[in-house]
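*Asks:* sequence and predicted structure below; questions after.
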Amino acid sequence: MGAESDRPLPPEPVEPDGPRVGVDEWVASADRLQDRPAGVAGALRRAGGVVTPPIQLAIFAGLAATVPFWLGTGDLFTYGIFVLLYVLLGLGLNTIVGFAGLLDLGYVAFFGFGAYMYAILSSDHYGIHWPAIVSVPLVVVTTASLGLLLGIPSRRLLGDYLAIVTLFFGQAFVVFVNATNPVVAGKGLTGGPNGIADIDPLSFFGLEATTRTQQYYVLLVSAVLILTALHFVNQSRTGRALRSLREDPLAAGAIGIPVNRLKLMAFAIGAGIAGFTGCIFGTLLTAVTAGNFDIPILITIYAVVILGGFGSLSGVVLGALVITVSFQFLAPENPQNNARVLFYLLIALVIVLLLRSWWRVALVLAATVALGVAVQGVVEAVAPSWAGGPVVEGGRLGDLIDSWVLIPEGHADFGNVAYVALVVAVLAVTQLRPSRRIFALPAVAYLAAVVWETSFVLQPAVARWILFGALLVVLMNVRPQGLLGTPRVEIV
Amino acid sequence: MQLPLFSVLDTVRELGWSGAVELFRNGLALGSLYALIALGYTMVYGILKLLNFAHGDVYMVGAFIGFGVLNAFGGSPSPSIAILPLIVLMFVVAMLGSGVLGVVIERFAYRPLRSSPRLTLLITALGVSFFLQNSMLLLFGAQFRSYQSFQLGSDNPAAFEPGPLFEPVFTIADVNFQRIQLVVFATSVALMVALTLLVAKTTLGKAMRATAFDHEAAAMMGIDVNRVIAATFFIGSVLAGAAGVMFGLMFSQINHFMGFYAGLKGFTAAVVGGIGSIPGAMLGGLLVGLVESYAQGYLGGQWSDIAVFGILIFVLLVRPTGLLGARAIQKV
Amino acid sequence: MNAGAPLLELRHVGKTFGGLRSVADLELEVGEGEIVSLIGPNGAGKTTVFNLVTGIYAPDEGEIRLEGRDITGLPPHRIAQLGIARTFQTLRLFLNMSVKENVMAAAYGHTKAGVIRSVLRTPGMRREEREIEQLAEERLAFFGDRLVGYRWRQPAYSLSYANRRRLEIARATAVNPKILLLDEPAAGMNPVETHEITDLIGRLRDEGGYTILVIEHDMHVVEGISDRVVALDHGEKIAEGAFDRVATDPRVVEAYLGTTGTERK
């Protein structure tokens, strides 16, 4: 001990006899209170804790199994089957991006590769008709290996560079399949822009899946199995290692986690799932073309995972459901009232989320309607041509809309002007203080309704993407972790 | 379609010197565009670590604004004012318009998320991109618009005589170098030189470099970080707007989707050159333009895209941080 | 392994970064059961030594041996599996994972249930999971009441600074290392916490049996724990020995405080 050192030693720690500021116990006891969140949200959170993943899965499987009984065949295809397809694809993407944190912008190419490979092996294209029991596993393994290959650059490339390399692979796949179409054994390997048709339906041991209901159940069983498998992986040491890798690859390596090997594995698993889904997809449509595997599909898969929350399995299911159903509602072929209802509900939802109390919400909604009726009345009296336009595909709601929303007749540019005005208005409202906002809301909501009836309803496919883009921006600002994800803290 | 190596060599020999020069000319012109777009990407990345997917769409809006100005004065082939002031006006209005758009996007979509994780910002940028593209689609419809620049200002449009833009200025190895290509290349170089001087010599440039290095420290040194970031977006978008008008003048046809591919190539150029590096973006842009041009010429449309991707991936594998990118030294 | 051979050896280790010699011709030994402190002014190369030993950088010259085995140039996860664990100067926890999970993650290197067995939930895999959990609880219990009970499930970002430092140490011990590298464990701690850390490091050696190499600036801590002190400056070793000798070595004093102007070497 240094007699030379003048500075006093730090004091010995004293065991606290009660909570004191500056001593750990105080913080600890305050913390314990926080563990039981209060109010309705808290009760919901605790209830959510009771519904554990196995129960969630059972509920999902149970409900999903009943769907063919109440949806017609056409709807079963567009809704039921496509939701499940996106669940599967979302699970695969979630493994790569959500679990391992690797930004793969070429993911849809795995899906396409699986579909095309199965199509080549089990169709009339080359006359090879390998049974599904052989071709499906082969496709899955090959696609997984392709995933490994794509994962190799991830060793050397930091996040953004990996994103671009994977994006290239995705684009290269589309170009290869569409345009390059090399001639192998006498004909174009991938069928060029026409793709490959006459794909064999799925059959195992003599049981064929030819009806939509059968195919639906095949997909449902696959989804349940894969969900279970991924859940177990998540709970295991591999899942922990993947999450550590996502959090901080350097620290993960320092505690003995083989970072590169795990990245490759994540790629392989994600790719394998996509490859499997590709096979099934081929048998569903009995034909595949490059257009099925391009950027819009990639975006949709990402939307599913973003909305549901990266890293959350139940989020993928919820995301797939919401995205598929709303995209379908906004498809041009659909009767407009589905989309219309969805849109108006969306406006109402935004108002609900913005205002904290129910009576304020009611007030704003009433004000919106009143404003509408008033505007309609005034315009009808002053300049009738501006109010008389027909409601596009109004159906049962037509008269209701007509009396409330201003739809000018014959003023072609009105829709565009209204749209620009709406964008400006929304941006302006975000700049207002919350207390002032409530006054602007009815006008903006009404304007939104006008834009819908005069502009969006005429081009629903475009409106779909506009709303989707707006949704992404709003979602990231308001709830970046998605619906069922957990809020993340990141070291910047 | 097969790709035996000797068939490629045959094509090279067939096209000969004049072919090579022509492809070079095309590559330079195209590369200049990509370089301008890449600069916007790289500057924003340097300062915010954000890959601004909406950047390509700002370029598209610039092209449309130029088109709007052109048509406001009667359009091709005989506009109501002289060609030179018309083109200058198109550039100025488009550049300003794009610049403002860029600032607005930053202000409303990105600024609230300044301290969010990178993935969040990326997704927001994607959302903005969809929003912009489809808004243009909604407002202006799906049909392609054309600058019809070939005959702009032509004395005899009915006879398909080229206007002043497409008049050959000189010829090398039987290949005509048209005025517009020279204008594009020269303007791009001028803009890039201006940008380099701005970043290296002016106070704003210094502020930009400081903010790119460390936001907090820059703020503590009295730099208004918000203003610097807005300025960065403005400048990047101005360049993109210029590129949009140039595209319209060179290739005439514009559509609401053109931002996607150009943005992709510009983004690639920025990454290959080393994202965050301004000279890298320029180099990357030219490289991508030349590779694309030569691949188109020698390999044909079917393989050219793949060749472009392949070469660029190769560059990244050899130099993972891009040609002129900073070696990422992580302080542990 | 020879009895009497040092646990960790650095021989003629050098590392240059773009012209700057960060570590120069370093000779360092740590014997089993020793606590050695590495001191020196900022920029002396101390953390670089850690990074070299743990494989984050490969040395430009020289070799590093663990228990006589050459580990120079091995990847970090391999070195961790061979028995070297560390904490970081700037704290690198898995903030969004729970306290217990942070520690459990460190058991990866010495456990073996693969993906297939995890999906099938074999009895062997489940047993291993229980063992990993127990291991984590034990290691966390080393710090008294602070990181136990309801704390296990809380996300790491909810912890106070001092608790985060403790968690990082707990995580490092879960690697089951032979030697622990602690990078400024007392940084940013108040006097009470500093005293605790000093005790803790002693307990880690006495109860846990770890060999420990510590980078530290707080001389109280260094004095309280070290069997031996090694001083670095500009990447070179300038003194080595017991604390009293090194602390009063004129070269060490000069490195920290600069020359007085009257005497120049």
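*Replies:* Here it is on my side, so go on. Remember, predicted model here, so these are calculated numbers, not experimental data.

*Asks:* can you find the helix or strand of chain A with the lowest average pLDDT?
*Replies:* When the helices and strands of chain A are scored by mean pLDDT, DSSP states H and E, helix A:24-34 comes last with a mean of 53.

*Asks:* so where's the stretch 301-450 of chain A shaky on pLDDT?
*Replies:* A:332, A:334-337, A:356, A:387-388, A:393-397 (pLDDT under 70).

*Asks:* likewise chain C?
*Replies:* Using pLDDT under 70, the flagged stretches of chain C are C:1-4, C:259-265.

*Asks:* what residue in it comes nearest to chain A?
*Replies:* As assessed by C-beta to the nearest C-beta, chain A sits closest to C:Gly109 within chain C, at 2.4 Å. The C-beta positions use only the backbone N, C-alpha and C, and glycine is treated the same way.

*Asks:* can you get me a residue count around that residue?
*Replies:* By the criterion of other C-beta atoms under 10 Å in any protein chain shown, C:Gly109 has 24 neighbours.

*Asks:* which one is it nearest to, not counting chain neighbours?
*Replies:* Closest residue to C:Gly109 apart from its sequence neighbours, by C-beta to C-beta, 6 or more residues apart in numbering or on different chains: A:Gly256 at 2.4 Å.

*Asks:* and the gap between A:Leu342 and A:Val489?
*Replies:* Applying C-beta to C-beta, to the nearest Å, one obtains 34 Å for the distance of A:Leu342 from A:Val489.

*Asks:* what parts of the stretch 151-300 of chain B come near chain A?
*Replies:* Within the stretch 151-300 of chain B, the positions near chain A by C-beta under 8 Å from any C-beta of the partner chain are B:Phe260, B:Leu264, B:Phe267, B:Thr268, B:Val271, B:Ile275.

*Asks:* then the stretch 1-150 of chain C?
*Replies:* Within the stretch 1-150 of chain C, the positions adjacent to chain A are C:54, C:56, C:75-78, C:80-81, C:85-86, C:88, C:92-97, C:101, C:104-111, C:113-115, C:118-119, C:121, C:125, C:128-129, C:132, C:145-146, C:150 by C-beta under 8 Å from any C-beta.

*Asks:* list buried residues within the residues you listed.
*Replies:* By neighbour count, with 16 or more other C-beta atoms under 10 Å in any protein chain shown, the residues of the stretch 1-150 of chain C next to chain A hold C:54, C:56, C:76-78, C:80-81, C:85-86, C:88, C:92-97, C:101, C:104-111, C:113, C:115, C:118-119, C:125, C:128-129, C:132, C:146 as buried.

*Asks:* could you look up the SS state of the residue nearest to C:Gly109?
*Replies:* Classification of A:Gly256 by DSSP: H, G, I helix; E, B strand; the rest coil places it in coil.

*Asks:* that one touches C:Ala105, doesn't it?
*Replies:* No. Counting by C-beta atoms under 8 Å, A:Gly256 does not reach C:Ala105; the two are 9.2 Å apart.

*Asks:* count the neighbours of the residue of the stretch 101-250 of chain C at minimum distance from chain B for me.
*Replies:* Residue nearest to chain B within the stretch 101-250 of chain C: C:Asp183 (9.3 Å; C-beta to the nearest C-beta). Per other C-beta under 10 Å, the neighbour tally for C:Asp183 reads 23.

*Asks:* and it, bridged to which residues?
*Replies:* Residues in a beta bridge with C:Asp183, per DSSP bridges, are C:Ile215.

*Asks:* quick check, the longest helix along chain A touching chain B?
*Replies:* The residue-count maximum for a helix in chain A (DSSP state H) belongs to helix A:259-285. No. Counting by C-beta under 8 Å from any C-beta, no contacts exist between helix A:259-285 and chain B, the nearest distance being 13.8 Å.

*Asks:* indicate whether that helix makes contact with chain C.
*Replies:* Yes. With C-beta under 8 Å from any C-beta as the criterion, chain C is reached by helix A:259-285 at A:Val259, A:Met265, A:Ile269.

*Asks:* and that helix, which residues are buried?
*Replies:* Applying a neighbour-count criterion of 16+ other C-beta under 10 Å, one finds A:259-260, A:262-285 buried in helix A:259-285.

*Asks:* pick out the residue closest to the middle of chain C.
*Replies:* By C-alpha atoms, centre = their mean, chain C has its centre lying nearest to C:Leu181, at 1.5 Å.

*Asks:* what secondary structure does that one sit in?
*Replies:* Using three-state DSSP, the structure places C:Leu181 in strand.

*Asks:* equivalent analysis for B:Ile275, please.
*Replies:* Under three-state DSSP, B:Ile275 falls in the coil class.

*Asks:* could you report the neighbour count for the closest residue to it other than its chain neighbours?
*Replies:* Distance criterion C-beta to C-beta, 6+ apart; nearest residue to B:Ile275, sequence neighbours excluded, is B:Tyr45 at 5.0 Å. Residues within reach of B:Tyr45, counting by other C-beta under 10 Å, total 23.

*Asks:* distance of B:Tyr45 from B:Gly325?
*Replies:* B:Tyr45 is 11 Å from B:Gly325, where distance means C-beta to C-beta.

*Asks:* please enumerate the shared neighbours of those two.
*Replies:* Residues touching both B:Tyr45 and B:Gly325 (C-beta atoms under 8 Å, 6 or more residues apart in numbering or on different chains) are B:Ile275, B:Gly276.

*Asks:* what sits up against the one helix or strand A:Leu242 maps to?
*Replies:* Taking DSSP states H and E as the criterion, A:Leu242 maps to helix A:237-247. Here helix A:237-247 makes contact (C-beta under 8 Å, 6+ apart) with A:99-101, A:233, A:251-252, A:255, A:257, A:259, A:262-263, A:265-266, A:311, C:94-97, C:101, C:104-105, C:107-108, C:111, C:113-115, C:118, C:128-129, C:132.
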